[in-house]
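>>> Structure for this input, please:
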Amino acid sequence: MLARRTFLGLMAGALAPRLGLADTPAIVATTGMIADAARAMTGLPVTALIGPGMDPHGHRPTRNDILTLSRADLVLWHGLNLEAQFAKLMTGLAQNATVLAVAEALPADLLLSDPAYPDRPDPHVWFDPGLWSQVTQAMEPTLAPFSPDVAAKAAAYRASIDTIGTYAKDVLATIPAESRLLVTAHDAFAYFGRAFGLEVEGVQGISTESEAGLSRIAELVNLLVDRRVPAVFVESSVSDRALRALIEGAAAKGHTVRIGGELFSDAMGPEGSYEGTWAGMMDHNATTIARALGGEAPERGAMGMLGSDG
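Numbering: from 1, shown residues only. Predicted structure coming up:
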């Protein structure tokens, strides 16, 4: 396991200012999760187009996005239909720059499918530390020409992934068996549930473009009441309206459900914060879920850094 000092050193690199010299390669990522990995593995500035509180499922490339991408030496996007509005643009960009869909290198047999579209994989692979580690391995050869010592930096980053993964497994294991149900705004946490032994239900489907019908609300209300689940969770990039409906529905049946906290799902926390890194996002989510569902976890998380400025 990483020592706290080593871990903090990695975080400092990931949180470094996005300023570089004139000859610094222009690296652009669609999501904050990809940008965090690329920064840590290269030590270079990386621009993230889809920032805190933004939803990659429905995000349409803006004029500024297109301009930024057109000037990039390297473009990293997730793929697996996460940034569906970017697909055609990425095909065109590949003619003039190095473009990599980082998650599409994962073996198909490790991917979950979208229940609404069985032929489409669930793209939220960053919630499984093992899969995210494999994604960074797939990124490594593409990043290597842009920065020295990528292999060593990548190994250190994967060690930090292992550290947070072990912490999450330990604290989530303390949730009582009857409360091991994670209910969120949309179905982004299936890989998280598979990795850490939690049953997961989302009000909306895998894409936030889907709608939650009355029958789905009623189904989840009955599940919350029958299982006596104490909390549901809002997401930083998704409206909480449907979750409020669940709470009101459960109350009408005599069961109190509270908001257990806000989780980071399709976007990380504020830039420059600990929660604005992959490790901080996972630390926050695991700690918040464990504490709200009756488990045990330190208030400030694995490294004592939750709520800090990084």
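>>> quick one: low-confidence ranges for the stretch 51-200 of the chain?
Low-confidence segments of the stretch 51-200 of the chain (pLDDT under 70): none present.
>>> And the helices in it, which stretches?
63-70, 87-93, 129-143, 150-172, 190-196 (DSSP state H, counting those that start in this stretch).
>>> Highest mean neighbour count out of those helices?
helix 190-196 (a mean of 21; mean count of other CB atoms under 10 Å). C-beta here means a position set from N, CA and C on the backbone, and glycine is covered the same way.
>>> And the contacts of that one?
Outside helix 190-196, the residues that touch it by CB atoms under 8 Å, 6 or more residues apart in numbering are 112, 122, 124-131, 165, 168-169, 172-173, 182, 198-200, 206, 285-286.
>>> what's the closest of the helices of the stretch 51-200 of the chain to residue 99?
Nearest to residue 99 among the helices of the stretch 51-200 of the chain is helix 87-93; the distance by CB to CB comes to 5.3 Å.
>>> Quick one: list the elements packing against that closest one.
helix 63-70, strand 74-77, strand 98-101 (3 or more CB pairs under 8 Å, 6 or more residues apart in numbering; DSSP states H and E).
>>> who touches the residue lying closest to residue 70 once chain neighbours are set aside in this structure?
In this structure, residue 70 finds its nearest non-sequential neighbour in residue 93, 7.3 Å apart by CB to CB, 6 or more residues apart in numbering. By CB under 8 Å, 6+ apart, the contact set of residue 93 is 69-70, 72, 75, 99.
>>> can you rerun that using 6 Å?
Neighbour list for residue 93: 69, 75, 99 [criterion: CB atoms under 6 Å, 6 or more residues apart in numbering].
>>> Please report how far the closest residue to the last one other than its chain neighbours lies from residue 84.
Pointing back at residue 99 there. Distances taken as CB to CB, 6+ apart place residue 75 nearest to residue 99, at 4.5 Å, with adjacent residues excluded. Residue 75 sits 16 Å away from residue 84, going by CB to CB, to the nearest Å.
>>> Equivalent analysis for residue 166, please.
34 Å.
>>> what's around residue 271, how many residues?
Residue neighbour count, defined by other CB atoms under 10 Å, stands at 15 for residue 271.
>>> secondary structure element for it?
Taking DSSP states H and E as the definition, one finds residue 271 inside no helix or strand.
>>> For the stretch 201-310 of the chain, which segments count as helices?
214-227, 241-252, 278-292.
>>> Quick one: closest of those to residue 141.
Per CB to CB, nearest to residue 141 of the helices of the stretch 201-310 of the chain: helix 278-292, 20.1 Å.
>>> What is the neighbour count of the residue nearest to residue 190 when sequence neighbours are not counted?
Using CB to CB, 6+ apart and skipping the chain neighbours, the partner closest in space to residue 190 is residue 112 (5.1 Å). By other CB under 10 Å, 17 other residues sit near residue 112.
>>> Same check on residue 83?
Using other CB under 10 Å, residue 83 has 24 other residues around it.
>>> roughly how far apart are it and residue 215?
Taking CB to CB, one finds residue 83 at 30 Å from residue 215.
>>> Next: residue 73.
For residue 73 relative to residue 215 (CB to CB), the value is 49 Å.
>>> Comparing the two, which shows the higher neighbour count?
Neighbour count, other CB under 10 Å: between residue 73 and residue 215, residue 73 has more, with 14 against 8.
>>> contacting residues for the more buried one?
Counting by CB under 6 Å, 6+ apart, residue 73 makes contact with 25-26.
>>> From residue 143, how far off is it?
Separation of residue 73 from residue 143 (CB to CB) stands at 11 Å.
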